[in-house]
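Undergrad: Can you look at this prediction? I've put the sequence above it.
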Amino acid sequence: MRVIHILDTLNRGGAEILALDVCRNAKSNNLDLTFVATGGGELEDDFRNSEAHFIRLQREAPVDLRLAAQLRSIIKERKIQIVHSHQAVEALHAYLATFGLNTKQVLSFHGADFDLKNRLALKFLVPRMHANIVVSRGLLSWLETETRLGTKSNFNVVYNGVDARRLQHTRAGLRDELRLSDNNLLIGMIGNFYNNAAKDQLTVCKALPELFSLSPHVHCAFIGECLEKAPGLYQECVNYCREHSIAERVHFVGKRANISEVLSSLDLFVFSSLRDTFGIAVVEAMMMSLPTIVSDIEPLLEVSADGTCASVFRAKDPSDLTRKLIRLIDDPCYRSNLGKRGKKRAIECFSIEAHISSLTDIYRRLLRSPATRKSDELQQIAGTLTSHNSESD
């Protein structure tokens with residue numbers, strides 16, 4: 001089958017890494033994939049070098065008819081059967097581009113933060129998609145209760161996938177950088193600092209004073225950048241560590257591109273979040289056999305199989321996190337078994353192969369179903385786009 005995936009930016013993020021993993025494994029999983037970027041970013045060269053056919057366009061306006069016309073030409077020229085978008089802005093242009101064509105539309109939901117403009121766009125788009133995809137049952141539940149997007153039908157849960165080939169054990173460079181010895185145990189959390197009550201590094205910081213007093217060989221590292229719009233949380237964490245005299249053992253190392261090197265340096269992975277949609281960082285840690293501890297929000301319970309493949313602590317409860325960390329640190333056998341269970345679940349449920357297989361099952365089902373759009377509406381818009389494309393030529 002001939003499929004296009006569209007992304008508006010190519011900066012490093014959960015949706016972008018997932019799309020890159022799909023592109024890198026498309027051909028080996030019998031997927032004829034074209035990847036269209038309507039904006040650039042730090043991952044552009046990686047996408048260009050993947051197994052997918054890469055096309056670079058540029059969106060110049062919130063609704064760019066020229067872009068829609070360019071997409072339409074690509075879809076017709078390459079005889080595309082499925083167009084898969086990952087954000088509302090891409091889906092809107094794909095919807096315009098496919099008017100009058102027997103091309104099926106798919107839209108993935110990776111996040112749960114929608115401003116008014118995106119909510120309005122999604123309200124229009126969701127019933128017009130041939131399939132909508134969410135990355136977890138937890139996200140589907142959130143959409144059902146917090147939005148009016150009509151999720152009772154036409155929604156599918158497809159877990160994100162991780163390419164195990166990019167998560168190979170490597171030199172523990174972060175440990176060398178922090179000048180840690182083999183006797184030191186390093187806890188780590190990966191996640192940017194936000195001010196929107198998503199990631200919760202502060203609870204981890206508050207769990208550390210008691211832990212450090214009982215375990216003097218333990219250090220903790222936070223991997224992730226402080227976004228310009230979120231200096232408050234980052235500074236609050238730094239100040240807390242200074243005020244409680246633990247700053248020498250808590251390391252804020254910023255953004256890192258080599259996740260394998262980071263995870264290879266850790267002995268324990270903690271993921272404290274108040275709101276999430278999947279937790280791809282958790283899956284990456286589990287896939288590297290790292291014993292993992294997560295907060296008890298629905299998507300993370302889903303990933304951890306209700307705590308059987310990762311330890312679970314009560315969200316925003318530093319005392320409970322301290323107790324769970326102490327058990328992990330004091331019991332190497334428990335740590336090892338938890339790491340093995342986590343890796344087994346990650347490979348079985350969250351591999352990139354499983355993800356692509358689930359996608360292609362949906363694609364095949366759509367290709368067996370008839371077109372559903374009204375022909376009079378379609379022909380009118382199709383004529384507009386064809387005319388615009390001719391003018392731009």
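TA: It's in.
Undergrad: Relative to residue 112, how far out is the closest residue to residue 109 other than its chain neighbours?
TA: Setting aside the residues directly before and after it, residue 109 is nearest to residue 134 in space (C-beta to C-beta, 6 or more residues apart in numbering), at 4.7 Å. In this view, the C-beta of every residue, glycine as well, is placed from N, C-alpha and C. Distance, residue 134 to residue 112, using C-beta to C-beta, to the nearest Å: 10 Å.
Undergrad: quick one: common contacting residues for these two?
TA: 143, 277 (C-beta atoms under 8 Å, 6 or more residues apart in numbering).
Undergrad: which regions of this protein sit below the pLDDT cut-off?
TA: Residues of the chain that meet the criterion pLDDT under 70 lie in 196-197, 227-231, 371-393.
Undergrad: Domain map for it?
TA: Following automatic domain parsing, one gets these domains for the chain: 2-163+352-392, 164-349.
Undergrad: gap between the shortest one and the chain center?
TA: On the basis of C-alpha atoms, centre = their mean, to the nearest Å, the separation between the geometric centre of domain 164-349 and that of its chain is 17 Å.
Undergrad: ok so, going back, of residue 134 and residue 112, which one has the most company?
TA: Neighbour count, other C-beta atoms under 10 Å: between residue 134 and residue 112, residue 134 has more, with 24 against 17.
Undergrad: show me the contacts for that one.
TA: 108-109, 140, 143, 155-158, 277.
Undergrad: So which of the residues you listed are in strands?
TA: 108-109, 155-157 (DSSP state E).
Undergrad: Tell me the one of the residues you listed nearest residue 239?
TA: For these, the residue nearest residue 239 by C-beta to C-beta is residue 109; the value is 35.8 Å.
Undergrad: For that closest one, give its distance to residue 313.
TA: With C-beta to C-beta as the criterion, residue 109 and residue 313 are 27 Å apart.
Undergrad: Can you tell me how far residue 177 is from residue 238?
TA: Taking C-beta to C-beta, one finds residue 177 at 18 Å from residue 238.
Undergrad: Of these two, give the one with the bigger neighbour count.
TA: Shown here are residue 177 and residue 238; by other C-beta under 10 Å, residue 238 has more neighbours (16 against 13).
Undergrad: and the nearest residue to residue 146 once chain neighbours are set aside, helix, strand or coil?
TA: Leaving aside its sequence neighbours, residue 146 sits nearest to residue 112 (C-beta to C-beta, 6+ apart; 7.5 Å). The three-state assignment at residue 112 reads coil, by DSSP: H, G, I helix; E, B strand; the rest coil.
Undergrad: if we can go back for a sec, next one: the residue nearest to residue 109 from residue 168, what distance?
TA: Distance, residue 134 to residue 168, by C-beta to C-beta: 30 Å.
Undergrad: before we move on, what about residue 144?
TA: Per C-beta to C-beta, residue 144 is found 39 Å from residue 168.
Undergrad: Repeat that for residue 70.
TA: In this view, residue 70 and residue 168 are 38 Å apart by C-beta to C-beta.
Undergrad: sorry, back to before: any chance of a PyMOL selection covering the buried ones in the ones in strands among the contacts of residue 134?
TA: This is the PyMOL syntax for the buried subset of those, where burial follows 16 or more other C-beta atoms under 10 Å:
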select buried, resi 108+109+155+156
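Undergrad: quick one on the thing from earlier: and residue 70 and residue 168? Which one has more around it.
TA: Taking neighbours as other C-beta under 10 Å, residue 70 and residue 168 compare with residue 70 leading, 23 against 9.
Undergrad: Distance-wise, check the closest residue in space to that one that isn't next to it in sequence relative to residue 94.
TA: Closest residue in space to residue 70, ignoring its immediate chain neighbours: residue 57 at 5.6 Å, by C-beta to C-beta, 6+ apart. Distance of residue 57 to residue 94, computed by C-beta to C-beta: 12 Å.
Undergrad: okay, the two: which has more neighbours?
TA: Ranked by neighbour count (other C-beta under 10 Å), residue 57 and residue 94 place residue 94 first, with 25 against 18.
Undergrad: Let's see the helix or strand hosting the more buried one as PDB, backbone CA atoms only.
TA: Using DSSP states H and E, residue 94 maps to helix 88-97. Presented in PDB, the C-alpha positions along helix 88-97 are these (Å, rounded to 0.1, in the frame of the first residue of the first chain):
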ATOM      1  CA  ALA A  88      -4.600  19.200  13.200                       C
ATOM      2  CA  VAL A  89      -2.800  21.700  11.000                       C
ATOM      3  CA  GLU A  90      -1.500  18.800   8.800                       C
ATOM      4  CA  ALA A  91      -4.800  17.100   8.700                       C
ATOM      5  CA  LEU A  92      -6.600  20.200   7.600                       C
ATOM      6  CA  HIS A  93      -4.200  20.600   4.600                       C
ATOM      7  CA  ALA A  94      -4.400  16.900   3.800                       C
ATOM      8  CA  TYR A  95      -8.200  17.100   3.900                       C
ATOM      9  CA  LEU A  96      -8.200  20.000   1.400                       C
ATOM     10  CA  ALA A  97      -5.600  18.200  -0.700                       C
END
